[in-house]
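[1] below: sequence and its predicted model.
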Amino acid sequence: MIDSLNGADAQRGGKYHLYIKIGILLLLVLGSLIPLGMVRGLVLERKALSNSVEHELAATWGRAQRIVGPILVVPFEEDELRQVPNPDRTGQAAYVEKLVTTRHLLYLLPEDLDIEGQTTTSIRKRGIYEVPLFTADMRFAGRFDPPDLTAIELAPDHRILWDEAWVEAYVSDLSGSLNPIVLNWDGRSLPFRVGTEEISGSAQIVAPLALESAEDLSEAAFAFEIALNGSDSLGVLPLGRATRMAIASDWPHPSFFGGMLPASSTIGPEGFEADWQVSHFARQLPQQWRDNDVKLDTLISRARVDGLAVRMVESVDHYLKAERSVKYGVLFVVLVCGVLFAFEVMAGSRVHVVQYGFVAAAVCIFFLLLLSLSEVLGFGLAYALSAAMSLLLIAPYAAKVGRSWRQGATAGALLAGVYGYLYVTLQSEDHALIMGSLLLFAALAALMFATRNVDWYALAPAIQRQADSQVKRSGQA
């Protein structure tokens, strides 16, 4: 009778012990989110510091470059009657009509615009940080057609000041300019000068033309070259009725964006080549307009959105990879602790909660090692060293906890496989999500398969009997 009561108490005690152990393990897994979150915060902090270094180097070398132009600007004057205050204070009328001459601007866009560019990149270092910078040699060529005066409602009495006409362009960061910019207009060399206006953060450059009449536009062709230092990206707003642009670079990781993607592109380990073809329908701008019809600040702002642009940055840097790896940290903790719990359930090993905590801490430290080493050694070598250090720490410890080198080898092999799969996942830009999902599915499937024959109702008494047997053997020893 007493023996049966003791057996029942043991069963209840074993059941409660199992439930308490499972509950504590769940709390441990949830608690691992705290150090993992701290590591992720550290990744973001180091990334922000890297960005500040990048901005500092860009400020001295050249920022992201956007070029808007060329635009032909022709002043014109028109007379109009306006109501002005009566200068004769003795008169009865408070206002009188007066003929006032006002000055306006006529803007013309190129009929054809051909753009050729060649960029070379270099890696600059400051401390442990590396920043890719580029030098762009851009050539613009094309022609303008005479304006259609009736389309913009210019009457014959409007005085068009062809002798004051000029060509202008806008560059987002002229501090990166490397050479004098000279406009070749129908055989004449006309140097650009820095204009007085800065619109939407872009500096104006101006080349006076001194034309005689609209006929000077009929056969005249133009060309000019701009050499610029820059960082992050290079973009051009397609202003021609027909715009063609070709860019060649030694940068192997381009990212094309803007209003239109290239019509064709070739990307290889030695660089890329890209070609754009844009018609005036796609640019959604009139070929000519008066100054009160289209605002230049709106036009220049569009260069950041609708321009033909390429970004020359690392596709997936080590900070992004480290951040993505931390997101899988909980899975690592669950897998390793799950293996130890399986040893405890199926092999009769007794693993203390503190030992589970040490293993979870070792897994979390892997991500901290990965971040710190990748800043110095690069992501690939840092990942290999961090994984090796983690395996050399966890596998022998699991063997000692489980009292079996076979169990330690099993834990090490599982962890090595997960590390390898995670590395492949992090290297992939397009398939990272599906590979991560497959990893989670495979881990759950393996757990379900390994425990398919476990009788969970009878598991608690069995654990208690195994524990009592171990205690009895230790007492006899």
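    Right, received. Where do you want to start?

[2] pull up the distance across stretch 252-265, start to finish.
    In stretch 252-265, first residue to last residue: 12 Å (CA to CA, to the nearest Å).

[3] number the chain from 34, please
    I'll keep to 34 as the first residue from here, and by that count the last item is stretch 285-298.

[4] list the buried residues in it.
    286, 287, 289, 291, 292, 293, 295 (16 or more other CB atoms under 10 Å). C-beta: built from backbone N, CA, C; applies to glycine.

[5] what's it in contact with?
    Stretch 285-298 is contacted by residues 266, 268, 271, 300-311, 315-316, 338-348 when judged by CB atoms under 8 Å, 6 or more residues apart in numbering.

[6] hmm, try it at 7 Å
    Identification of contacts with stretch 285-298 by CB atoms under 7 Å, 6 or more residues apart in numbering yields 268, 300-311, 315, 338-345, 347-348.

[7] so which of the buried residues of stretch 285-298 are in helices?
    With helices taken from DSSP state H, there is no overlap with the buried residues of stretch 285-298.

[8] which single one of the residues you listed is nearest to residue 362?
    Nearest to residue 362 out of those is residue 286 (CB to CB; 27.4 Å).

[9] give me phi/psi at the closest one?
    Backbone torsions for residue 286, taken as degrees, to the nearest 10, come to phi -130, psi 60.

[10] quick check: mean pLDDT of stretch 228-238?
    In this model, stretch 228-238 has an average pLDDT of 81.

[11] can you pull the buried residues of it?
    Neighbour-count burial for stretch 228-238 [16+ other CB under 10 Å]: 228, 232, 233, 235, 236, 237, 238.

[12] one more: stretch 324-343?
    Of the residues in stretch 324-343, 329, 332, 333, 334, 335, 336, 337, 339, 340, 341, 342, 343 count as buried by neighbour count, 16+ other CB under 10 Å.

[13] scan the protein for its longest strand.
    Among all segments of the chain classified by DSSP state E, the strand with the greatest residue count is strand 98-118.

[14] can you list the strands that it pairs with?
    Sheet pairing of strand 98-118 (DSSP bridges) gives strand 128-141 (antiparallel), strand 192-193 (antiparallel), strand 199-204 (antiparallel), strand 266-270 (parallel).

[15] this structure: helices as residue ranges?
    Using DSSP H, the helices of the chain run over residues 35-64, 66-94, 313-316, 329-339, 351-359, 362-379, 386-410, 412-435, 438-460, 465-483, 489-509.

[16] to residue 209, which of those lies closest?
    If we rank the helices of the chain by CB to CB, the stretch that ends up nearest is helix 66-94, at 6.6 Å.

[17] now that closest one, how far from the centre of its chain.
    Offset of helix 66-94 from its chain centre (CA atoms, centre = their mean, to the nearest Å): 14 Å.

[18] likewise for stretch 227-235?
    Centroid displacement of stretch 227-235 relative to its chain, using CA atoms, centre = their mean, is 28 Å.

[19] can I get that stretch in CSV? Just the C-alpha atoms.
    What follows is stretch 227-235, C-alpha atoms only, in CSV (Å, rounded to 0.1, in the frame of the first residue of the first chain):
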residue,chain,number,x,y,z
VAL,A,227,28.9,79.0,-61.8
GLY,A,228,25.5,80.7,-61.8
THR,A,229,24.0,82.7,-59.1
GLU,A,230,21.1,80.4,-58.4
GLU,A,231,21.0,77.2,-56.3
ILE,A,232,17.7,75.3,-56.8
SER,A,233,16.7,72.3,-54.7
GLY,A,234,20.3,71.9,-53.5
SER,A,235,21.7,71.8,-57.0
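
[20] need the residues that contact it.
    With contacts defined as CB under 7 Å, 6+ apart, stretch 227-235 is touched by 99, 101, 201, 203-205, 207, 236-239, 329-330, 333-334.

[21] most widely separated two among those residues?
    Across the contacts of stretch 227-235 (CB to CB), the longest gap, 20.2 Å, separates 239 and 334.

[22] go through stretch 212-229 and flag the buried ones.
    So for stretch 212-229, counting by 16+ other CB under 10 Å, buried means 214, 216, 218, 223, 225, 228.

[23] in JSON lines: the buried residues of stretch 324-343, plus distance to residue 155 and pLDDT.
    Converted to JSON lines, the buried residues of stretch 324-343 look like this (distance: CB to CB, whole Å; pLDDT from 0 to 100):
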{"residue": "329", "distance to residue 155": "34", "pLDDT": "75"}
{"residue": "332", "distance to residue 155": "32", "pLDDT": "74"}
{"residue": "333", "distance to residue 155": "28", "pLDDT": "75"}
{"residue": "334", "distance to residue 155": "30", "pLDDT": "74"}
{"residue": "335", "distance to residue 155": "30", "pLDDT": "70"}
{"residue": "336", "distance to residue 155": "25", "pLDDT": "64"}
{"residue": "337", "distance to residue 155": "25", "pLDDT": "66"}
{"residue": "339", "distance to residue 155": "29", "pLDDT": "72"}
{"residue": "340", "distance to residue 155": "24", "pLDDT": "80"}
{"residue": "341", "distance to residue 155": "23", "pLDDT": "85"}
{"residue": "342", "distance to residue 155": "20", "pLDDT": "87"}
{"residue": "343", "distance to residue 155": "17", "pLDDT": "89"}
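
[24] tabulate the residues you listed (CSV), appending distance to residue 389.
    Shown next, in CSV, are those (distance: CB to CB, whole Å):
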residue, distance to residue 389
329, 66
332, 63
333, 61
334, 57
335, 58
336, 57
337, 52
339, 57
340, 56
341, 57
342, 52
343, 50
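
[25] which of those residues lies closest to residue 150?
    Nearest to residue 150 out of these is residue 343 (CB to CB; 9.3 Å).

[26] which residue packs closest to residue 444, ignoring adjacent ones?
    residue 431 (3.9 Å; CB to CB, 6 or more residues apart in numbering).

[27] correction: residue 316
    Nearest one to residue 316, counting by CB to CB, 6+ apart, is residue 271 at 5.3 Å.

[28] the one you found against residue 318, yeah?
    No - the criterion here is CB atoms under 7 Å, and residue 271 misses it with residue 318 at 9.2 Å.

[29] pull up the gap between the closest residue in space to residue 111 that isn't next to it in sequence and residue 177, please.
    In this structure, residue 111 finds its nearest non-sequential neighbour in residue 191, 4.9 Å apart by CB to CB, 6+ apart. According to CB to CB, to the nearest Å, residue 191 and residue 177 sit 19 Å apart.
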